[in-house]
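Peer 1: Need coordinates for the below:
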Amino acid sequence: MSAVIDPLAAFSARDRKVGIGVAIACIALVGVGLSLSIPLLAFALESRGASGTLIGFNTAMGGIATVVTAPFIPRVASRFGVRATLFAALALGAASILGFAFVAPLWAWFPLRFAFGVALAILFVLSEFWINALAPPASRGLVMGVYATALSVGLGAGPLILAGVGMDSLAPYFACAALFLVAGAPLLFAGVAAPPIERAAPGRGILFFLAVAPVATLSGFTFGAVETGAFAFLPLYGVGVGLAPLSAALLVTAMEVGNVALQIPLGLVSDRMDRRLLLLIIGVVGLLGAIALPFAGSGWGLYVAVAAWGGVVCGLYTVALAHLGARFSGVDLATANAAFVVMYSLGLIAGPPALGVGLDLWPPYGVPVAIALLMALFVAVAAARLRSA
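Peer 2: Take a look at the predicted model:
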């Protein structure tokens, strides 16, 4: 573990509040664009005859991009600064989403998704480092709960925008690109409130933090697989059980409503108990909830079930980040957060294809079955690690 260094010492209370607020505002706006883009691209691919498996693999390209680039993000930010690196990522995100509107060949959507994934990797690694670095230790879970809640509001708003502007024009692509550009506005007010990143010590790269914080990083993998797969395939599952396409897209919004309701309470609980045990409890509830989804029908009960289940599963993200922030600081925290995002992205790579194969094998019920299998893997590993601790 790194030496004990107070990451708040160089900042006034006002600077810390401004810095946390700026980072949360930026990433919440990015969340709107992200949740708009994933179902938009899934429906666009399906309308062009792509199979569920192809849709899943295209979605997974974002995860491949993160795995390739995330280990280098702390080094780049230490050289160019956190704010400058975030500005570059926002510009890349806007440009790549516009590419989907104008590039016709499906094979070209794979490098476009890769570029979009690079932008997202930078945004999430640095924003989460920024928030965690400035969070007061005694209320770190609460701060991360507020962050996850704001992000969930953004993620839930994307499908609402999609439902409003429709999917049969260029409007949703331009709206998504505009959101990435607008997300740069809060950064203009950051001033000195952006924490610097020093150079990493030798031997303390991604693999080191995967080894010393396995439950937290495995939470990132599981959440990445389930969340991204659900964004892409819950709308298709909804259509399969009888919902209209735009109504089915609102299942993603239902999931995010649950996230908004539960992240602050889960963050508060995490400040008062062993976060590894809380992660295991979340995994068990997520497993049972996935098994129950097919019994929820296609009416309001399905939206309620998705909201409750999604809110609990999002706790994997909130609690794991708080766990990392409590253990590490400085560049170690940035690198540990990069390790978390790499594992999240490995989940993004594994999850959408798994759900896509499930959809192809048993439409539409293979989607919740695949989710349940992913949650069962997490529960088994987390329980084994907790017993051995």
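Peer 1: can we go C-alpha only for contacts and neighbour counts from here?
Peer 2: Fine.
Peer 1: For this structure, give the helix that spans the most residues.
Peer 2: In terms of residue count, the longest helix belonging to the chain (DSSP state H) is helix 13-47.
Peer 1: now the angle between helix 13-47 and the following helix or strand past that one, please.
Peer 2: Using DSSP states H and E, the helix or strand that directly follows helix 13-47 along the chain is helix 52-69. With axes from the mean of the first three to the mean of the last three CA atoms, to 10 degrees defining the directions, helix 52-69 sits at 150 degrees from helix 13-47.
Peer 1: Can you name the residues in contact with helix 52-69?
Peer 2: Identification of contacts with helix 52-69 by CA atoms under 8 Å, 6 or more residues apart in numbering yields 38, 42, 45-46, 109-111, 113-118, 120-121, 229, 232, 341-357, 359-360.
Peer 1: What is the helix or strand just after that helix packed up against?
Peer 2: Per DSSP H and E, the first helix or strand lying C-terminal to helix 52-69 is helix 73-80. Applying 3 or more CA pairs under 8 Å, 6 or more residues apart in numbering; DSSP states H and E, one finds that helix 73-80 contacts helix 82-102, helix 109-134, helix 330-361.
Peer 1: mind putting those helices in a markdown table, distance to Asp271, mean pLDDT and mean neighbour count included?
Peer 2: Shown next, in a markdown table, are the helices and strands packed on helix 73-80 (distance: least, CA to CA, whole Å; pLDDT from 0 to 100; neighbours: other CA atoms under 10 Å):
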| stretch | distance to Asp271 | mean pLDDT | mean neighbour count |
| --- | --- | --- | --- |
| helix 82-102 | 28 | 90 | 20 |
| helix 109-134 | 14 | 89 | 24 |
| helix 330-361 | 18 | 87 | 26 |
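Peer 1: Between those, which one is closest to Gly205.
Peer 2: Gly205 sits nearest to helix 330-361 of all the helices and strands packed on helix 73-80, at 6.5 Å, using CA to CA.
Peer 1: Next, the angle from the closest one to helix 52-69.
Peer 2: 170 degrees.
Peer 1: Looking only at whatever helix or strand comes next after helix 330-361, what residues are buried by neighbour count?
Peer 2: Moving toward the C-terminus from helix 330-361, the next helix or strand (DSSP H and E) is helix 366-388. By neighbour count on 16 or more other CA atoms under 10 Å, the buried set for helix 366-388 is 366-372, 374-376, 378-379, 382-383.
Peer 1: ditto for stretch 152-170
Peer 2: In stretch 152-170, the ones that count as buried by 16+ other CA under 10 Å are 152-163, 167.
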